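> Any chance you could fold what I've pasted below:
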Amino acid sequence: MLLKLRDEGHALYIIEHHPWLIKVADYLIELGPEGGEKGGYLLKSQRT
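Below you'll find the model as predicted:
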């Protein structure tokens with residue numbers, strides 16, 4: 001279902017640690033351990 005929604009052009013934001021979801025993600029964002037300048041950053045981008 002998630003891939004179908006994605007293929008239809010929907011944006012999906014998922015909080016998960018499962019390797020399969022990480023593998024198929026277009027973007028991975030690290031959110032922690034703190035907020036502000038010590039907070040999240042982009043880990044991976046596959047989108048062209």
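> use CA for all of it now, contacts and neighbours both
Fine.
> Helices of this structure, start to end?
Assigned by DSSP state H, the chain shows helices spanning 2-7, 19-24.
> can you tell me which of these comes nearest to residue 32?
Among the helices of the chain, helix 19-24 comes nearest to residue 32, with 16.6 Å by CA to CA.
> Just the residues contacting the closest one, thanks.
Residues outside helix 19-24 that contact it (CA atoms under 8 Å, 6 or more residues apart in numbering) are 16, 28.
> could I have that helix exported to CSV, CA atoms only?
In CSV, the C-alpha atoms belonging to helix 19-24 read as follows (Å, rounded to 0.1, in the frame of the first residue of the first chain):
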residue,chain,number,x,y,z
PRO,A,19,15.8,-1.9,7.0
TRP,A,20,13.3,-2.3,4.1
LEU,A,21,11.7,1.1,4.6
ILE,A,22,15.1,2.7,4.9
LYS,A,23,16.2,1.0,1.7
VAL,A,24,13.3,2.3,-0.4
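> That one: how far from the chain's middle?
For helix 19-24, the separation from the chain centroid amounts to 9 Å (computed by CA atoms, centre = their mean, to the nearest Å).
> So for that helix, mean pLDDT?
Averaging pLDDT along helix 19-24 yields 82.
> what's the answer for stretch 4-16, then?
Mean pLDDT, computed over stretch 4-16, is 87.
> what's in contact with that stretch?
So stretch 4-16 is in contact with 2, 22, going by CA under 8 Å, 6+ apart.
> Recalculate using a threshold of 10 Å.
Contacting residues not belonging to stretch 4-16 are listed as 1, 2, 3, 21, 22, 25, 27, 28, 29, 31 [CA atoms under 10 Å, 6 or more residues apart in numbering].
> How confident was the prediction at the residue nearest in space to the middle of the chain?
Nearest to the geometric centre of the chain sits residue 28, at 3.8 Å (CA atoms, centre = their mean). On the pLDDT scale, residue 28 is placed at 78.
> bridging residues for it?
Counting by DSSP bridges, residue 28 forms beta bridges with residue 44.
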